[in-house]
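In: Fold the following and give me the result.
(one chain, ligands or ions: 1)
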Amino acid sequence: MPSIGGPELVFVLVIVLIVFGAGKLPTVFGQLGKGVRTFRDESEKKDVAPLASTATGTTATAAASKYCSSCGKPNADGAKFCASCGTPLAA
Ligand SMILES: [Zn+2]
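Out: Alright, predicted model coming up:
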């Protein structure tokens, strides 16, 4: 995307004046501003909704249901051997 500096901005303004005419310029910019305002309102509404939904569901409780019979340390559900001492865990 080319950077728009001072000379380019004046050039664009001149083209706008030719196309729309100096008399219509206030209404053109008025509608442009109205459009930007409604766009911002819509984007703000969309930004609020996802934030509320992502707050819940992140706290996953790690259920260590298998306790080693040898050392007594908790192991992940489905583990076949103790992570601490290597003793085979009861199913
Ligand atoms: Zn163990």
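In: measure stretch 67-76 end to end?
Out: When the termini of stretch 67-76 are compared using C-alpha to C-alpha, to the nearest Å, they are 9 Å apart.
In: can you offset everything so residue one is 645?
Out: From this message on, residue numbering opens at 645, which makes the last subject stretch 711-720.
In: Least confident secondary structure element in this protein?
Out: In the chain, no helix or strand scores lower on mean pLDDT, DSSP states H and E than helix 669-698, which sits at a mean of 76.
In: what number of residues lie near the closest residue to Pro732 other than its chain neighbours?
Out: Sequence neighbours aside, Phe725 is the residue nearest to Pro732 in space, at 5.7 Å (criterion: C-beta to C-beta, 6 or more residues apart in numbering). C-beta here means a position set from N, CA and C on the backbone, and glycine is covered the same way. As a burial measure, Phe725 scores 12 neighbours (other C-beta atoms under 10 Å).
In: show me what contacts Phe725?
Out: Contact analysis of Phe725 by C-beta atoms under 8 Å, 6 or more residues apart in numbering lists Thr731, Pro732, Leu733.
In: just to revisit the earlier point, which other helices and strands does the least confident helix or strand of the chain contact?
Out: Secondary-structure packing of helix 669-698 (3 or more C-beta pairs under 8 Å, 6 or more residues apart in numbering; DSSP states H and E): helix 650-664.
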